[in-house]
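I'd like to go over a predicted model; first the sequence, then the structure.
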Amino acid sequence: MKTFFLALLATPLVLAQVPAPQPANLWIEGVVTDQLTGSPVAGAHIDINGGTLVEGDAAGRFRFDGLRPGGYRLRAVGPGYLVASQDVVLSLGQTSAAVRIALAPQSVTSGTVTDALSGAPVAGARIVLDDHDFATISDAAGHFQFERMEAGRHSLAIHRTGYLPASKEVVLTTGQHSGGVRISLMPQTAIAGSVEDRDGFPVERANIAVSVRGSGGELEWRGGAETDDRGKFRVAGLTAGVYYLHVESDLARFWDARYTDCFYPEAVNFEDAQPIEAASGQERGGILVRLPRVEGVRVQGRVALPPGLSVEGDRGPGMVMLTAIGTGGPVPKGMSPLAADGSFSLDGVAPGKYRLEPELPPPYNRGIAMAVGPNLEVGAADVTGILLHVEKTTLLNLRGEFVFEPGTERDGAMIVLKNHAHVVRSPYNSEIDLDGVPPGKYHLEAITEKGHALAVSARLGGAALPNGDLELRGPDTGRLVITFSSALAQVEGVVVDAAGQPVSGKYALFRSIKPALQPVVLGIAKPGGHFSAVLPPGEYRVWTAADVPANLWDGAADAPPGQGRLITFVKGNNPPLRLAMPPAK
């Protein structure tokens, strides 16, 4: 203890020199002005570091006293102006600082929300500014207003129960008061009805799918619902158009295995489906679907495997998938597990056209190609003796890039490769990076995510693909380069019958005279016969058809002999067309 005490005595004591506090006698003074005119802003409120608040005088002047050296942030706002801030540093030896804070006049936008059909104001619409939580509600006169907006481009998103969502873009300059923004909301279309079995009893929990015909003739889903305990359904949120309704009911098959999925009104095959035409704002009710009962037949066959492969894998046996085919697109209809010898059997298959595809389980599904047999036509008799081959092959990896012409907004894109046996899709991406593609001949399609541009050309390994047809062979497929353009022709018009009356549900077709990646473009006539299409500028053969040509997707469709006329379309809007349907035979 003594040693410790002596050590302390022997250690010199050093006292830290603490600087004396600086006097709080500095100040910041300044003036608040209009950013556009430079004139003073009277009555502005200015705070310092989010604390002390002062009000500027009639000349826009203000002052903060009693400050010490250091950094300060001043924030100012005035009536009719946006908030502005300015940083100020008071240094040692400095007594004061003079600042000028320029306020930008606020921009204001206001307008009215109306019904697109009646023109009446829509009250209670929610208008969201720039995808944020900042929103307002239209009043009884449909009026709305946003204040304290910055100059620039702004987006408005509008929602109201019973109407389709809408959007509007406004561009404001500093201090601009943009009134008269008019937003028209289109009343939603709805399709409602019921599903019954053959004895008239309601079918509960049936899945309803409402679709339209796509540009390639395939069905594109637009909405769905499930029937309630009374067999009732209602699909809302639709636009005006021509729809096809498909019903799927596993529950009905529990009490009678003969019940099968169908299209409205009771069609087993899409070719027999009846379209449903609905106008804007229309409640298309009274749709009655009666599930058909089909005895069906037996489809039997065998999958032939090369040496070293087995139908039994890590997760059970392989399968054979039965898919209905037609202009409505592929629809799964059933599956059968493979027996040890590769045989399969499907019962209760309804008449129609089908495709059979074998699927092997892991690990035997790696590096193989499933050779799909010819399309299967099922009638009233059993189909037996089908032989499907599975071959070993080397799957390919396809690489490439998307190129956007000058002036075309860059976007994510996807590619679709189609042939009689496979449909291969890539996810939306900034480049082409697709693995596991079976070798073979394909038809190529390419789509951007936002849909603002069309694919106008493609090259594989440096060779042009004028009609989108390509053959992939290993080991190196070559790089795929697809070019997109937004320099497009906008075409619209009306389709009429032989008597000159507008007709809906018909098709206007455009075939490019010169080779094109998408050689045939399709427009669908909506209620009133109106159609529209977007296509690369150039010369086209134009004709009408009651149905989508079966060979549309592979680019082989063309006008029947004696039909069609040559029209040249230019970039931008083109004169409206009036296209007549061919005379009925």
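Looks like it arrived, so ask away.

ranges for the helices of the protein?
Secondary structure of the chain, counting by DSSP state H: helices at 2-10, 250-255.

what mean pLDDT would you report for the longest one?
This points to helix 2-10. When pLDDT is averaged over helix 2-10, the result is 35.

again with stretch 227-246
For stretch 227-246, the per-residue pLDDT averages 92.

can you check stretch 322-342 too?
Taken as a whole, stretch 322-342 has a mean pLDDT of 78.

and it, how far apart are its ends?
End-to-end span of stretch 322-342 (CA to CA, to the nearest Å): 16 Å.

just stretch 476-483 next, same as before
21 Å.

mind listing what's buried in that stretch?
477-478, 480-483 (16 or more other CB atoms under 10 Å). Yep, even glycine has a C-beta here, placed from its N, CA and C like the rest.

domain-wise, how is the protein divided?
The chain is divided into the following domains under automatic domain parsing: 26-103, 107-185, 189-290, 297-392, 396-485, 489-580.

end-to-end on the last one?
If I follow you right, that is domain 489-580. 21 Å.

just the residues contacting stretch 566-583, thanks.
Identification of contacts with stretch 566-583 by CB atoms under 8 Å, 6 or more residues apart in numbering yields 487-498, 500, 503, 506, 508, 513, 535, 537-544, 546, 560, 563.

before we move on, what about stretch 155-163?
Applying CB under 8 Å, 6+ apart, the contact partners of stretch 155-163 are 113, 115, 122, 124-131, 165-170, 181, 183, 185-188.

let's see 6 Å
Here stretch 155-163 makes contact (CB atoms under 6 Å, 6 or more residues apart in numbering) with 122, 125-128, 130, 165-169, 183, 185, 187-188.

quick check, nearest of those to V32?
Nearest to V32 out of these is D130 (CB to CB; 27.2 Å).

picking up where we left off before, weakest of the domains of the chain by average pLDDT?
Among the domains of the chain, domain 297-392 carries the lowest mean pLDDT (a mean of 78).

from the chain's centroid, how far away is it?
Distance, stretch centre to chain centre, for domain 297-392: 33 Å (CA atoms, centre = their mean, to the nearest Å).

near the residue nearest to E431 when sequence neighbours are not counted, how many other residues are there?
Sequence neighbours aside, E401 is the residue nearest to E431 in space, at 5.2 Å (criterion: CB to CB, 6 or more residues apart in numbering). As a burial measure, E401 scores 14 neighbours (other CB atoms under 10 Å).

E401 is in contact with N429, isn't it?
No. Look at E401 against N429 with CB atoms under 6 Å: they stay out of range, at 10.3 Å.

please check the contacts of stretch 155-163 and keep the buried ones.
Buried members of those, counted by 16+ other CB under 10 Å: 122, 125, 127-128, 166, 168, 183, 185, 187-188.

for P438, see how far away L376 is.
L376 sits 21 Å away from P438, taking CB to CB, to the nearest Å as the criterion.

also T174?
When CB to CB is the yardstick, T174 and P438 sit 59 Å from each other.

same drill for these two, tell me which one is more crowded.
P438 (20 against 14).

surely V212 and E218 touch.
No. Here V212 lies out of contact with E218, judged by CB under 6 Å, at a distance of 10.0 Å.

do you have the strands of the stretch 301-450 of the chain handy? List them.
312-313, 316-317, 319-324, 331-337, 343-349, 352-359, 368-371, 376-378, 383-392, 396-404, 413-418, 423-425, 431-437, 440-448 (DSSP state E, counting those that start in this stretch).

go through those strands and name the closest to A44.
Nearest of the strands of the stretch 301-450 of the chain to A44, taken as CB to CB: strand 396-404 at 47.3 Å.

what residues sit buried inside the closest one?
Residues of strand 396-404 classed as buried under the neighbour-count rule (16+ other CB under 10 Å) are 396, 398, 400, 402-404.

can you give me the angle that strand makes with strand 431-437?
160 degrees (axes from the mean of the first three to the mean of the last three CA atoms, to 10 degrees).

just checking, what packs against strand 396-404?
Packed against strand 396-404 by the contact rule (3 or more CB pairs under 6 Å, 6 or more residues apart in numbering; DSSP states H and E) you find strand 431-437, strand 480-485.

buried residues, the first one. List them.
Buried residues in strand 431-437, counting neighbours by 16+ other CB under 10 Å, are found at 432, 434, 437.

can you list contacts of it?
Residues outside strand 431-437 that contact it (CB under 6 Å, 6+ apart): 395-401, 424, 426, 480.

got the residues you listed as JSON lines, with distance to I276 columns?
Converted to JSON lines, those look like this (distance: CB to CB, whole Å):
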{"residue": "L395", "distance to I276": "42"}
{"residue": "L396", "distance to I276": "43"}
{"residue": "N397", "distance to I276": "44"}
{"residue": "L398", "distance to I276": "40"}
{"residue": "R399", "distance to I276": "44"}
{"residue": "G400", "distance to I276": "41"}
{"residue": "E401", "distance to I276": "43"}
{"residue": "V424", "distance to I276": "33"}
{"residue": "S426", "distance to I276": "34"}
{"residue": "L480", "distance to I276": "40"}
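
N49: neighbouring residues, count only.
Per other CB under 10 Å, the neighbour tally for N49 reads 12.
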